[in-house]
Each structure stands twice: as C-alpha cells, then as structure tokens.
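> Here's my sequence, what's the structure:
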Amino acid sequence: MCLHPVARVSTCYPDKFGVPRQSGLVPGARARLVFEPPFRHPDAVRGLEGFSHLWLIWVFSENVNEGWSPTVRPPRLGGNVRMGVFATRAPFRPNPIGLSAVRLEKVELHPQDGPVLHLSGVDLVDGTPILDIKPYVPLADCIPEASEGFTAVPYERLDVEIPAALGGTMTPEERKALADTLALDPRPQYQDDPERVYGLLFSGWEVKFRVEGCRLLVLALHEVKAG
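Okay, the predicted model is just below:
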C-alpha cells in the first residue's frame, strides 16, 4: 500500500506543543489547505462548498519514526493511567494516521495554487500532510446516542490573562484563538510547577507563560521574524 499526500496545511501552530488535542476545541484556529500539484484541479472540489464541515485524514508527520506502544497514557486521564492505543487518539500508532472534523470557511480558486480550502477549528501542526478529504455528513456521521468511554470527562479550562500591553499588533481574532489555545493547558499533564515559565509558538508569535492553579498568565509576546 502506497499513500501520497493530496494536500498540506498552513496553520497557526508551527510546533506540536500547544496544538489542541482534538479538532473543534479552538474554533478560531485557522488553516489554509493547498493541494499538491497533481490534485490542483477545480473539478476535484466541485460541490464541496455546499458542506459546512469536512473530515481530514492526515499523517502524524512528526511522529512517523517514533514507533508505537500497545498502551498509552491519555492526557484526559491525567497522564497517569494506561489505555489501549486503539481506545485512544494518541499520535504514536502502528500507522501514524490522524482524523479531524473541521469547519470549511470557504473555497478559494487561487491563480497559482488552484483550489484552496480555508478551514477553522483545526488541531494540526503547520505543514501536516493530508491524505484525503471527505465531507462531513450529519445524517451518517452524527450519532447522538454514542457512548464516550473515558473521554466523557469534560475539558477543564484555565483562566487565561493576556495583559493588554502585550502583542500590540495582534488582531482580536488571533488574541481570542491564542487565549482559547492556552485555556486548554498545553503543558504535559505531569508538570505543575507554578514557577516554571513555558513557551510556545503561535501564528508568528513567541508566547511565554506561567500557570498557577487554574490561572494562566502570559508574561511575554514577541513577534517571530520570518526567515
């Protein structure tokens, strides 16, 4: 079996650290999907604009050489309880394939890049290879009575404080998406040091923050110069 990426995405998450652990958790996390040259045909996306959401099938490209384990420690259980890899969405799998339901904001016909999909609610690292795109069909894909297993535990969100004096050129939309990203607590579950300063990259910004209890305080926002 030989699979080839049909597209790649540009997202606001240049590194794994900080990426939401599921799609849809940060509605303002946006992406631009550009097809690979063999698939840049407008006919390939004909009718896609009629759907509000899409399934993306993609590759955990930063984990392809990391191997896998029969059991993993899901963050939802505090990182201390082991579950079978097939009972989780952990990135370290026998085949490093991910699945995300994302919102389709619009389809753009770009003069050089061909059809470009503008997406939101993504949980993808910048540059992630996309293997396939399928429309989300509520009639078949939504199962209201489905049981959630251990994931039924609701996400606990941190109270995020971004001082107004920081990130002066950041747009309100970027600021909201950053706050939503940080509220999910990107730290490893086993780390809880209120004095430790963490850093992540987000949409061209280097973010420094500290967490104490349920409060996350952003300490610094610096624009990252391209190149």
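> Please make it C-alpha for all contacts and neighbour counts, starting now.
Noted.
> could you point out which element follows the lowest-mean-pLDDT helix or strand in the chain?
Considering only helices and strands, the least confidently modelled element of the chain by mean pLDDT, DSSP states H and E is strand 71-72, at a mean of 90. For strand 71-72, the succeeding helix or strand toward the C-terminus, using DSSP states H and E, is strand 83-84.
> Mind listing the strands that following strand pairs with, and their directions?
Paired strands of strand 83-84, with direction, are strand 71-72 (antiparallel) (DSSP bridges).
> Contacts for the strand it pairs with, please.
82-85, 88, 90 (Cα atoms under 8 Å, 6 or more residues apart in numbering).
> mind checking the end-to-end distance for stretch 7-18?
End-to-end span of stretch 7-18 (Cα to Cα, to the nearest Å): 23 Å.
> Which positions in it come out as buried?
For stretch 7-18, the neighbour count (16 or more other Cα atoms under 10 Å) marks 7-14, 16, 18 as buried.
> Centre of the chain to it, how far?
In terms of Cα atoms, centre = their mean, to the nearest Å, the centre of stretch 7-18 is found 7 Å from the chain centre.
> This protein: helices as residue ranges?
When secondary structure is read from DSSP state H, the chain shows helices at 138-141, 172-183.
> Relative to the whole chain's centre, how far out is the shortest one?
Read that as helix 138-141. For helix 138-141, the distance between its averaged C-alpha position and the chain's averaged C-alpha position is 23 Å (Cα atoms, centre = their mean).
> Have a look at this structure and report its longest strand.
For the chain, the strand with the greatest residue count under DSSP state E is strand 97-110.
> got the helices of the chain as CSV, with mean pLDDT, mean neighbour count and distance to L217 columns?
As requested, those are arranged in CSV below (pLDDT from 0 to 100; neighbours: other Cα atoms under 10 Å; distance: least, Cα to Cα, whole Å):
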stretch, mean pLDDT, mean neighbour count, distance to L217
helix 138-141, 95, 8, 39
helix 172-183, 96, 19, 10
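> any chance of those in TSV, plus distance to M1?
Shown next, in TSV, are the helices of the chain (distance: least, Cα to Cα, whole Å):
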stretch	distance to M1
helix 138-141	27
helix 172-183	36
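> Which one of the ones you listed lies nearest to C214?
Ranking the helices of the chain by their distance to C214 (criterion: Cα to Cα) puts helix 172-183 first, at 9.3 Å.
> In PDB, list the C-alpha atoms belonging to that closest one.
Output for helix 172-183, consisting of C-alpha atoms alone and laid out as PDB, is shown next (Å, rounded to 0.1, in the frame of the first residue of the first chain):
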ATOM      1  CA  PRO A 172      -8.500  40.500  18.200                       C
ATOM      2  CA  GLU A 173      -9.200  37.200  16.300                       C
ATOM      3  CA  GLU A 174      -5.600  36.000  16.900                       C
ATOM      4  CA  ARG A 175      -5.800  37.100  20.500                       C
ATOM      5  CA  LYS A 176      -9.000  35.100  21.100                       C
ATOM      6  CA  ALA A 177      -7.600  32.000  19.400                       C
ATOM      7  CA  LEU A 178      -4.400  32.200  21.500                       C
ATOM      8  CA  ALA A 179      -6.500  32.500  24.700                       C
ATOM      9  CA  ASP A 180      -8.600  29.500  23.700                       C
ATOM     10  CA  THR A 181      -5.400  27.500  22.900                       C
ATOM     11  CA  LEU A 182      -3.800  28.400  26.300                       C
ATOM     12  CA  ALA A 183      -7.000  27.700  28.200                       C
END
